[in-house]
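**Student:** turn this into a structure:
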Amino acid sequence: MNEHSNSSAVNQAAELQRETVPEDLAYQIVMAKVGIMGIVIGILITGYHLSFLQVLLGAVISSFGFVIPAWMAALGQKTGLASLTMSRATFGIFGNRVSNFFAWVNAFGWGIIQVMLCCWLITAIITRGSMAANPWGLGTGTIITLALVGLLMWRGENWNHDIRVWLHGLFIILSLVVAAFGFSVINWHAIMQTTSTDWLINWVPAVMLATVATSLISTMEAGNWGQRIKKGAYRNSTLVATLIGGSLPTYLLIIVGILLGYGIPGLIDKQLPFMAIYRLLPGWLNNLYYVVAAVILCLHAMRAFHHAVHLAAPLGQQVQVSNIQLKLGHFIILGVCSAVIITLPINFFIELRVWLSTLGMIIFSWFGVFLADYLLNHRTGYDEHAISLTSDEHYHWEGIIAWGLAVIVGMLTTDNSLWHGPWAHGIFAQVGSGVALAGIIGFVMILIFKIIPLKQ
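**Tutor:** Reported below is the predicted structural model:
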């Protein structure tokens, strides 16, 4: 998935590596999607004060927004190319380095979030859901988390496959039990009395942020999944398998989060929401559930860590840094960032909105530009010269300018705790509206450049 991952001119999957079938891909994606983040997104949706019907519909749309990475996976199968290899044709060989950088930010950033969540879960167990009563609990939880993540990074790849399957299966079963507790404490009369809010002002931003977290974060990587699918397998099978594998577990866990968000009043506004969830559950359930969730978070953090190291490897080779040094550096940065952030007096969901809106603008606009360029120029395949590392097409300014303008428009129409866009009012008042607009602007700009081409 990096620009120098193959010494050949075109980073095309070797035939011996294309051994995956669509059904196996669906299973792998299910394993990657089952985790506490789905529940977090469900809670996030309830924070937009939507009606119950709007919340349920938002859960469906955001879950099945996985059609975007599913399409990228099918395209990877068709071309035999990784996502960031195909995007060389859109942004140029050197221009595509920006895509690589943000793919690294995406992977490493989610690794930090997963480590932070794991710290809070373990801290909740240590302090029995009351961190104020045990100020040393957070430090202890952080040390345990980093030790567990380090152990899994060292030996986690050798874990028995059946152990992973049982862990994820147990998490799903326990999540259903947790959903039952959330369901039992909901004031259904008050929920059903809630009227529908403005669909464009409130519902669209909620769905866009949820879609970023559940689907768009996989867009820059999804082509790599399809790249390994056996030749001869139907691309529609890959599309459907990827969509089902990513959407169904996500939808289930979002519903669990919605029930918890409704069952615990003000959960979205709490500085440490996982402490409140811990106190809701009975003693026989909360410790077991949080331990399983923490281990799965560490497994996902390990995967994000390895992906970030993989993306940074070409730069490491240029500055003559060994793979061991690169991994150690990433781990130190991961630990320091996680330890610093979790000690700050921040509201988790407010900062999560900042992360999702910022990342969403960048990735969705990247996808809008990539999609338009593919439909207009590459439907019959990619020119080998255009994506070769030896190509003299260093910058494709149409793609670069379209992407940059889309991100700028997205920022101007976004108002969050990090910056206040001057156009962020009216239908753009809620955090998340700028994400949708950025993707549309990126797509439209490529169409405009098709009519009025730039001189390269």
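**Student:** and stretch 308-317, C-alpha only, in PDB?
**Tutor:** This file holds the C-alpha atoms of stretch 308-317, laid out as PDB (Å, rounded to 0.1, in the frame of the first residue of the first chain):
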ATOM      1  CA  ALA A 308       1.200   2.600  10.100                       C
ATOM      2  CA  VAL A 309       4.700   1.100  10.200                       C
ATOM      3  CA  HIS A 310       4.100  -0.400   6.800                       C
ATOM      4  CA  LEU A 311       3.200   3.000   5.400                       C
ATOM      5  CA  ALA A 312       6.200   4.700   7.000                       C
ATOM      6  CA  ALA A 313       8.700   2.000   5.800                       C
ATOM      7  CA  PRO A 314       9.700   3.800   2.500                       C
ATOM      8  CA  LEU A 315      10.700   6.900   4.500                       C
ATOM      9  CA  GLY A 316      12.600   4.700   6.900                       C
ATOM     10  CA  GLN A 317      14.500   3.200   4.100                       C
END
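**Student:** how about it: buried residues?
**Tutor:** Residues 308, 309, 310, 311, 312, 313, 315, 316 are the ones in stretch 308-317 that count as buried (16 or more other C-beta atoms under 10 Å). Using the backbone N, CA and C atoms, a C-beta is placed for each residue, glycine as well.
**Student:** now do that stretch, average pLDDT.
**Tutor:** Across stretch 308-317, the average pLDDT comes to 86.
**Student:** what's the offset of it from the middle of its chain?
**Tutor:** 20 Å (C-alpha atoms, centre = their mean, to the nearest Å).
**Student:** cool, and stretch 66-76?
**Tutor:** 14 Å.
**Student:** residue ranges in this structure under the pLDDT threshold?
**Tutor:** Within the chain, the set of residues satisfying pLDDT under 70 comprises 1-19, 132-135, 155-162, 231-235, 454-456.
**Student:** so in it, which helix runs the longest?
**Tutor:** Assignment by DSSP state H gives helix 283-318 as the longest helix of the chain.
**Student:** name the nearest residue to the residue positioned nearest the centre of the chain, ignoring sequence neighbours.
**Tutor:** Central residue check for the chain by C-alpha atoms, centre = their mean: the C-alpha nearest the mean position is that of residue 217, 3.2 Å away. Spatial nearest neighbour of residue 217, chain neighbours left out: residue 106 (5.9 Å); criterion: C-beta to C-beta, 6 or more residues apart in numbering.
**Student:** now the element after the helix or strand containing the one you found, going C-ward?
**Tutor:** If you go by DSSP states H and E, residue 106 is part of helix 96-127. The helix or strand immediately downstream of helix 96-127 is helix 137-155, counting by DSSP H and E.
**Student:** which residues are in contact with that following helix?
**Tutor:** Residues from elsewhere that reach helix 137-155 (C-beta atoms under 8 Å, 6 or more residues apart in numbering): 115, 118-123, 125-127, 131, 159, 294-295, 298-299, 301-302, 305-306, 327, 331, 334-335, 338-339, 342-343.
**Student:** show me where the stretch 151-300 of the chain has its helices.
**Tutor:** 161-184, 188-193, 204-214, 219-227, 235-263, 273-280, 283-318 (DSSP state H, counting those that start in this stretch).
**Student:** so which bits of the third one are buried?
**Tutor:** Neighbour-count burial for helix 204-214 flags 204, 205, 206, 207, 208, 209, 210, 211, 212, 213, 214 (criterion: 16+ other C-beta under 10 Å).
**Student:** so which of these comes closest to residue 435?
**Tutor:** Comparing the buried residues of helix 204-214 against residue 435 with C-beta to C-beta places residue 208 closest, at 4.4 Å.
**Student:** the closest one against residue 431, yeah?
**Tutor:** No. The criterion here is C-beta atoms under 8 Å, and residue 208 misses it with residue 431 at 9.2 Å.
**Student:** got the angle between the longest helix of the chain and helix 219-227?
**Tutor:** Helix 283-318 and helix 219-227 are oriented at 90 degrees to each other (axes from the mean of the first three to the mean of the last three C-alpha atoms, to 10 degrees).
**Student:** please renumber the chain so that the first residue is 300 from this point on.
**Tutor:** Renumbered: residue one is now 300, and that last one reads helix 582-617.
**Student:** chain center to the next helix or strand after helix 582-617, what's the gap?
**Tutor:** Proceeding N to C from helix 582-617, the next assigned helix or strand is helix 622-642, under DSSP H and E. How far helix 622-642 lies from its chain's middle: 19 Å, per C-alpha atoms, centre = their mean.
**Student:** show me what helix 622-642 packs onto, helices and strands only.
**Tutor:** With contacts defined as 3 or more C-beta pairs under 8 Å, 6 or more residues apart in numbering; DSSP states H and E, the packing partners of helix 622-642 are helix 395-426, helix 436-454, helix 582-617.
**Student:** dump those to JSON lines, plus distance to residue 648.
**Tutor:** Formatted as JSON lines, these follow (distance: least, C-beta to C-beta, whole Å):
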{"stretch": "helix 395-426", "distance to residue 648": "12"}
{"stretch": "helix 436-454", "distance to residue 648": "19"}
{"stretch": "helix 582-617", "distance to residue 648": "17"}
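**Student:** of those, which approaches residue 463 most closely?
**Tutor:** Nearest to residue 463, of the helices and strands packed on helix 622-642 and by C-beta to C-beta, is helix 582-617 at 7.1 Å.
**Student:** now the closest one against helix 460-483, angle please.
**Tutor:** 130 degrees.
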